[in-house]
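> what's the 3D shape of this:
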Amino acid sequence: MKVALSLGILFFVIGIVLTLFELFSPTFYFFPVGVAFMVSGLLYYFTGNFLLSLLLFFLVALFGYYISFRYLRRVKGLNEVVEELKSQEGVVVGKIDQFTYKVRFPLGAGGEEVWNAYSEGELSYGDKVKVVGIKGNKLLVKKVGNA
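Purely as a prediction, here's the structure:
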């Protein structure tokens, strides 16, 4: 029984570590396995039945991945948002330094989003710009006209 206690606790702790690791990961790969470890660890702690907790581990992990790929993958990530912003036009709303500006992009349903943008040419407040690429964590923009 002592082995069941320590192995059940070990599984539960591994599950917590994997779940916490998911907070620092941009994926959804560790969360279902972490939850599966926690659930099977609790079952093994209370029953001592290794085969039942192994079966429950696989069922919970498979169900978690099914939910992840079926429903949660529809949420857009940063890459999808940036790809949508390419070739979009925005308006300069502020200057950060010599080559970095704050640019407002209109989004659907009356929304808007402000991004840091890099331009090799001089821009001023109200200039219309178009996204031509990405450089690090900034958008590369080129002036297309005045507001």
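> Residue ranges of each domain in this protein, please.
Structural domains annotated on the chain: 2-74, 78-146, as defined by automatic domain parsing.
> With mean pLDDT as extra columns, can I get those domains in JSON lines?
Output for the domains of the chain, formatted as JSON lines (pLDDT from 0 to 100):
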{"stretch": "domain 2-74", "mean pLDDT": "86"}
{"stretch": "domain 78-146", "mean pLDDT": "80"}
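> quick one, helices of this protein?
2-23, 30-47, 50-70, 78-85 (DSSP state H).
> Glu122 and Asn116: what is the separation?
Distance, Glu122 to Asn116, by C-beta to C-beta, to the nearest Å: 17 Å. Backbone N, C-alpha and C define where each C-beta goes, glycine included.
> Just list the residues touching the residue nearest to Leu56 when sequence neighbours are not counted, thanks.
Nearest non-adjacent residue to Leu56, counting by C-beta to C-beta, 6 or more residues apart in numbering: Ser40, 5.0 Å away. Applying C-beta atoms under 8 Å, 6 or more residues apart in numbering to Ser40 gives the contacts 11, 53-54, 56-57, 60.
> hang on, the earlier thing: tell me the most buried of the helices of the chain?
Among the helices of the chain, ranked by average contacts under mean count of other C-beta atoms under 10 Å, first place goes to helix 30-47 (a mean of 20).
> could you dump it to PDB, C-alpha only?
Only the C-alpha atoms of helix 30-47 are listed here, as PDB (Å, rounded to 0.1, in the frame of the first residue of the first chain):
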ATOM      1  CA  PHE A  30       0.900  19.300 -22.100                       C
ATOM      2  CA  PHE A  31      -2.400  20.100 -20.500                       C
ATOM      3  CA  PRO A  32      -4.400  16.900 -21.400                       C
ATOM      4  CA  VAL A  33      -1.500  14.700 -20.300                       C
ATOM      5  CA  GLY A  34      -1.100  16.800 -17.100                       C
ATOM      6  CA  VAL A  35      -4.800  16.400 -16.300                       C
ATOM      7  CA  ALA A  36      -4.600  12.700 -17.100                       C
ATOM      8  CA  PHE A  37      -1.700  12.200 -14.800                       C
ATOM      9  CA  MET A  38      -3.500  14.000 -12.000                       C
ATOM     10  CA  VAL A  39      -6.700  12.000 -12.400                       C
ATOM     11  CA  SER A  40      -4.900   8.600 -12.700                       C
ATOM     12  CA  GLY A  41      -2.700   9.500  -9.800                       C
ATOM     13  CA  LEU A  42      -5.700  10.200  -7.600                       C
ATOM     14  CA  LEU A  43      -7.300   7.000  -8.600                       C
ATOM     15  CA  TYR A  44      -4.200   5.000  -8.000                       C
ATOM     16  CA  TYR A  45      -3.700   6.700  -4.600                       C
ATOM     17  CA  PHE A  46      -7.200   5.700  -3.400                       C
ATOM     18  CA  THR A  47      -7.600   2.300  -5.100                       C
END
